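**Student:** one predicted model, sequence on top.
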Amino acid sequence: MIWLILIGLAAGVLGGLLGVGGGVLFVPGLVIVIGLTQHGAEATSLLAIVPVAVVGALSQDRYGNVRRGDAMLMGVLSIAGVAGGVVLANALSGAVLRSAFAALILLIAVRLVRRALD
């Protein structure tokens, strides 16, 4: 239980500070530290992100940083995307899903580093 608390706190602080999605932090923590399967970690992360996203968005909105129209459009379109993504994720093995997640994180890291160096 203490590990779940620490993962939640760390993801919250880093999410608020750096604007990274909770899933980028929740999923590795749940797989590596807690020992969940990749499927279980991703599903758990999806539910855990809901309150994080609400609080983060409301807090950022007070600073005038939220583009509401863009956020609503992305949110509505994401509903269809996540439904398809869940079907696809459950059709893949845990190893393939874990490799895909790792590749995505690596791609994001490379893009962020390149952008910071420009």
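**Tutor:** Great, that's in hand. All figures in this text were calculated on a predicted structure; none of them were measured in a lab.

**Student:** list the contacts for the residue nearest in space to the middle of the chain?
**Tutor:** In the chain, the C-alpha nearest the mean C-alpha coordinate belongs to Gly23, at 2.2 Å (Cα atoms, centre = their mean). Applying Cβ atoms under 8 Å, 6 or more residues apart in numbering to Gly23 gives the contacts Glu42, Ser45, Leu46, Ile49. Every C-beta, even on glycine, is put in place using the N, C-alpha and C of the backbone.

**Student:** mind running it again at 10 Å?
**Tutor:** If you count contacts by Cβ atoms under 10 Å, 6 or more residues apart in numbering, Gly23 has them with Ala11, Gly15, Leu30, Ala41, Glu42, Thr44, Ser45, Leu46, Ala48, Ile49, Val52, Phe101.

**Student:** which residues of the chain score low on pLDDT?
**Tutor:** Applying pLDDT under 70 to the chain flags the ranges 21.

**Student:** now do the strands in it.
**Tutor:** Under the criterion DSSP state E, the chain carries no strands.

**Student:** all helices for it, in order.
**Tutor:** 2-18, 22-28, 38-62, 68-91, 94-117 (DSSP state H).

**Student:** distance of Thr44 from Gly8?
**Tutor:** 11 Å (Cβ to Cβ, to the nearest Å).

**Student:** common neighbours of the two, please.
**Tutor:** Phe26.

**Student:** distance of the residue of the chain most remote from its centre from Arg111?
**Tutor:** What lies farthest from the middle of the chain is Asp118; by Cα atoms, centre = their mean that is 25.7 Å. Noted for Asp118: a distance of 11 Å to Arg111, by Cβ to Cβ.
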